[in-house]
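Peer 1: Predicted structure and sequence below. I'll ask about it afterward.
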Protein chains: 2
Amino acid sequence: MTTVIGKVETRDARFPLQPGEGTDAVHSNPVYAYAVTTLHASDGNAGTGFVLTLGLGNELVTGAIAMLAESLVGRDIEDVMAEFGQVQRQLADHPQLRWLGPHKGVVHLALASITNACFDLWAKSCGVPLWSLLLDLSPEEIVALLDLSYLEDVLTADQATRLLTEQHASRPNRTGIATEGYPGYDTSIGWFGYSDEQVLDNARRSVESGFDALKLKVGSADTERDIRRVNLLREAVGPDVRLMIDVNQQWTVPQAIDICNRLKPADLYWVEEPTHPDDVLGHRALARAIAPMRVAIGEHVPNRVVFKNYLQAGAAQFIQVDCTRVAGISEFVTVSLMARQAGVPVVPHVGDMGQVHQHLVLFNHIALGHEVVFLEHIPHLSQHFRHPARIVDGRYRTPQEPGASADLV
Amino acid sequence: MTTVIGKVETRDARFPLQPGEGTDAVHSNPVYAYAVTTLHASDGNAGTGFVLTLGLGNELVTGAIAMLAESLVGRDIEDVMAEFGQVQRQLADHPQLRWLGPHKGVVHLALASITNACFDLWAKSCGVPLWSLLLDLSPEEIVALLDLSYLEDVLTADQATRLLTEQHASRPNRTGIATEGYPGYDTSIGWFGYSDEQVLDNARRSVESGFDALKLKVGSADTERDIRRVNLLREAVGPDVRLMIDVNQQWTVPQAIDICNRLKPADLYWVEEPTHPDDVLGHRALARAIAPMRVAIGEHVPNRVVFKNYLQAGAAQFIQVDCTRVAGISEFVTVSLMARQAGVPVVPHVGDMGQVHQHLVLFNHIALGHEVVFLEHIPHLSQHFRHPARIVDGRYRTPQEPGASADLV
């Protein structure tokens, strides 16, 4: 039975949050919104992909999806995925829409949504979870999924194939993670809009429920508030829980150096998005100045080319690539390959609330040999998913349903 | 009489081109389209701003303009421009729309269109051409127009003010350009889709009409075609005409090094957009490998932060910032200040067909002390402008009408 893409449907899905939820130093009143692509296929399957936006403007992305996805109608998903690297490059280089990026912003988010729907449809048509489908592919089949253009100076198709092949023999040492469950970390204890008491309360409950890594939103105009909250939190959870801070781009480079040095006694696991996400050389200067403190970046880094620069510059010690920001699952894998080659861990930002990334971190560990760090966990939208990610004792339970766990109810 | 912004109007204006016009290695069938902002004011003036797109998706930009510009309604243009740096930063950091960039793609193009309309309205309300208005501002007033955030490591407000103040005394040596006219260069001789004969014909006619600088589109899959056309053109125009090539991002870094070295005998003035515009470190590697041949970049560089990185890396020898790509006239000035400080010339890409940039290059030379290189000239849309740029003997005639010469008919 063939799975031919019949109709492309888009949906502008918006989910209001509770007061304080999702707030950070720059996003004061977020609505979590998904620009959703549904690919209806001839065999009755429907592939779902989406990207996150923060409300207003979500319809710009669904508008771009409708324009871009048209060329997939009538194609068999097996044929599409057999040469997905080329398909994606063609979509990314649409001779008129490309100007609106290129490879960034609204049109790239649209491409991500479409790409993720293709992968979901493919896995459903095979009747397996995405992580399992990806693990069953040969190195050559994986490389055929990827658009490696503009990476020739660091990662050719041959190099990617070799990396995958080399990791194959040692896979059995790493497959245990699928039964143990991938560890999570908790972002939701420390939204910017929460009071000190709320943060400490949330942190205690989070640790009790099994998490051993927590994140706090900082980047206040009042630096002393930030420092006070970091120290309060460290005191409350003790020395064994990993703590990260997320600045959401609020510091200048000189300011970041100063504040990070003041925060050293708190023994932070990373500082996330300290300044503007386009500022590769600024992050390099910062990373050098605050080492061994480490920099994490990625939620706003739009594509593999910018990540290449981050890796070449040694400007990031954690790569937070998000398959709802870069061009979906395939560009996520491309970035993960580059990061693996550079010896830098991948710890996705989860615009998808972890639904799709729970598959991808298993693939990254088992197939690419990436170390297990942890996967961000944000529970706010779980009631809206058909198969919400399940967290037990601070660990993601490996999903078993066919597809990429992206279906909304 | 006050000039209060009453109504924001958007327009999706598309202009089909003649066969071959506007074609390059990646844009095979362009439609020149403008996403237009019109700000209708209480005194009867209307400010016009626009950005270029290549057709499909232009309505995404007009959609974003409508969302972003709403907050300007009811404000006096004098008040807005007295603190435009802050106004722009607030728009750029809209707590929901920012996610769709940040500071790039559709939302940033929308901000550019709005910004350009504000400047046009301001100049019209003062009854003077934009270049004249800008030249009459004090250093402090100019700096107040600019959002210098994320540039603290290279250009503070104090440094910007000092640079402007230092250049003030020597202005009389540079004002002559407004009467001589700013030299142009001709892009339209060498579109990708033109035959060899057409290119040579166009080149001869262009030189006869007064141009002494021409550009050829390359980046063909057939490198020998590119090399043949470059050599043919050099032979046809002789050694005294400056020739540039525009690759439109079609080469890999290793390929660019190879081809540029093969092209050295043609004595090219620059190689433009050799590879992906996000690849700062790739351009740096290329620039080092092909020196003294020079790299020009900017038409797809979205904002001041990426330009900062290009300048810090020494990765570009010409900065082609375009006020219809970055956030309009104010971010153009910001990038020009950084470039001046770094000693790198600014030669705008003209998404506006030179209409607005003819004002800005005068400002750059007279107020910032930038050297006069030349300004790109593309005539294809001249019949659509109320006050089309006038080129005589290869030089732009300085515009005298009030505003930024952006009104469409």
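Peer 2: Received, thanks. Numbers count the residues shown, from 1 in each chain, chains lettered A, B, ... in the order given.
Peer 1: so how far is residue B:49 from the closest residue to residue A:352 other than its chain neighbours?
Peer 2: Distances taken as Cβ to Cβ, 6 or more residues apart in numbering or on different chains place residue A:324 nearest to residue A:352, at 5.2 Å, with adjacent residues excluded. (Each C-beta comes from the backbone N, C-alpha and C, glycine too.) According to Cβ to Cβ, to the nearest Å, residue A:324 stands 32 Å off from residue B:49.
Peer 1: now swap in residue A:408 and tell me
Peer 2: 38 Å.
Peer 1: Looking at these two, which one has more neighbours?
Peer 2: Taking other Cβ atoms under 10 Å in any protein chain shown, residue A:408 and residue B:49 do not tie; residue B:49 has more neighbours (31 against 16).
Peer 1: After the strand or helix carrying that one, which helix or strand is next? Please name it.
Peer 2: Assigned by DSSP states H and E, residue B:49 belongs to strand B:46-53. The helix or strand immediately downstream of strand B:46-53 is helix B:58-69, counting by DSSP H and E.
Peer 1: by contact count, what packs against the strand holding residue B:49?
Peer 2: When contacts are defined as 3 or more Cβ pairs under 8 Å, 6 or more residues apart in numbering or on different chains; DSSP states H and E, strand B:46-53 packs onto strand B:32-41, helix B:105-126.
Peer 1: residues contacting the residue nearest to residue A:330 when sequence neighbours are not counted?
Peer 2: Leaving aside its chain neighbours, residue A:330 sits nearest to residue A:145 (5.0 Å; criterion: Cβ to Cβ, 6+ apart). Applying Cβ atoms under 8 Å, 6 or more residues apart in numbering or on different chains to residue A:145 gives the contacts A:81, A:84, A:85, A:137, A:330, A:333.
Peer 1: cutoff 7 Å now
Peer 2: A:81, A:84, A:85, A:330, A:333 (Cβ atoms under 7 Å, 6 or more residues apart in numbering or on different chains).
Peer 1: Residue A:192 too?
Peer 2: For residue A:192, the contact set (Cβ under 7 Å, 6+ apart) comprises A:23, A:24, A:25, A:217.
Peer 1: Show me which pair in those residues is furthest apart.
Peer 2: For those, the maximum inter-member distance is 8.5 Å, found between A:23 and A:25 (Cβ to Cβ).
Peer 1: How many residues are close by the residue of the stretch 51-200 of chain A found nearest chain B?
Peer 2: As assessed by Cβ to the nearest Cβ, chain B sits closest to residue A:105 within the stretch 51-200 of chain A, at 1.5 Å. Neighbours of residue A:105 under the rule other Cβ under 10 Å: 27.
Peer 1: what's the closest non-adjacent residue to it?
Peer 2: residue B:105 (1.5 Å).
Peer 1: Around chain B, which positions in the stretch 251-400 of chain A sit nearby?
Peer 2: A:252-254, A:275-276, A:278-282, A:300, A:303, A:305-306, A:309, A:312-313 (Cβ under 7 Å from any Cβ of the partner chain).
Peer 1: Model confidence for residue A:26, exactly?
Peer 2: pLDDT, residue A:26: 84.
Peer 1: Okay, and the residue lying closest to it once chain neighbours are set aside sits in which element?
Peer 2: Of all residues not flanking residue A:26 in the chain, residue A:248 sits nearest, at 4.9 Å (Cβ to Cβ, 6+ apart). Here residue A:248, judged by DSSP H and E, is contained in no helix and no strand.
Peer 1: any idea how chain A splits into domains?
Peer 2: The record, using automatic domain parsing to delimit domains, assigns chain A the ranges A:5-127, A:171-396.
Peer 1: got the contact list for the residue nearest to the spatial centre of chain A?
Peer 2: In chain A, the residue lying closest to the centroid (Cα atoms, centre = their mean) is residue A:322, at 2.2 Å. Contacts here follow Cβ under 7 Å, 6+ apart; on that basis residue A:322 touches A:298, A:299, A:348, A:349, A:350, A:351.
Peer 1: which stretches of the stretch 151-300 of chain A form strands?
Peer 2: In the stretch 151-300 of chain A, the segments counted as strands under DSSP state E, counting those that start in this stretch are A:182-190, A:213-217, A:242-246, A:270-272, A:295-297.
Peer 1: my guess is residue A:270 contacts residue A:298, does it?
Peer 2: No. Assessed by Cβ atoms under 7 Å, residue A:270 is found out of contact with residue A:298, at 11.3 Å.
Peer 1: Could you check which of these two is surrounded by more residues?
Peer 2: When residue A:270 and residue A:298 are compared for neighbours, residue A:298 comes out ahead with 25 against 22, by other Cβ under 10 Å.
Peer 1: That one: what's it in contact with?
Peer 2: Neighbour list for residue A:298: A:319, A:320, A:321, A:322, A:349 [criterion: Cβ under 7 Å, 6+ apart].
Peer 1: Roughly how far does the fourth one sit from chain B?
Peer 2: In this case it means residue A:322. The gap separating residue A:322 from chain B is 12 Å, by Cβ to the nearest Cβ, to the nearest Å.
Peer 1: which one is that residue nearest to, not counting chain neighbours?
Peer 2: Residue A:322 sits nearest to residue A:349 (Cβ to Cβ, 6+ apart), 4.2 Å away.
Peer 1: ok so the one you found is a strand residue?
Peer 2: No. Counting by DSSP: H, G, I helix; E, B strand; the rest coil, residue A:349 is not found in a strand; it is coil.
Peer 1: wait, what's in contact with it?
Peer 2: Residues in contact with residue A:349 (Cβ under 7 Å, 6+ apart) are A:298, A:299, A:320, A:322, A:376.
Peer 1: now the contacts of residue A:322 as a markdown table including pLDDT?
Peer 2: Listed next are these as a markdown table, based on pLDDT from 0 to 100:
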| residue | pLDDT |
| --- | --- |
| A:298 | 98 |
| A:299 | 98 |
| A:348 | 98 |
| A:349 | 98 |
| A:350 | 98 |
| A:351 | 97 |
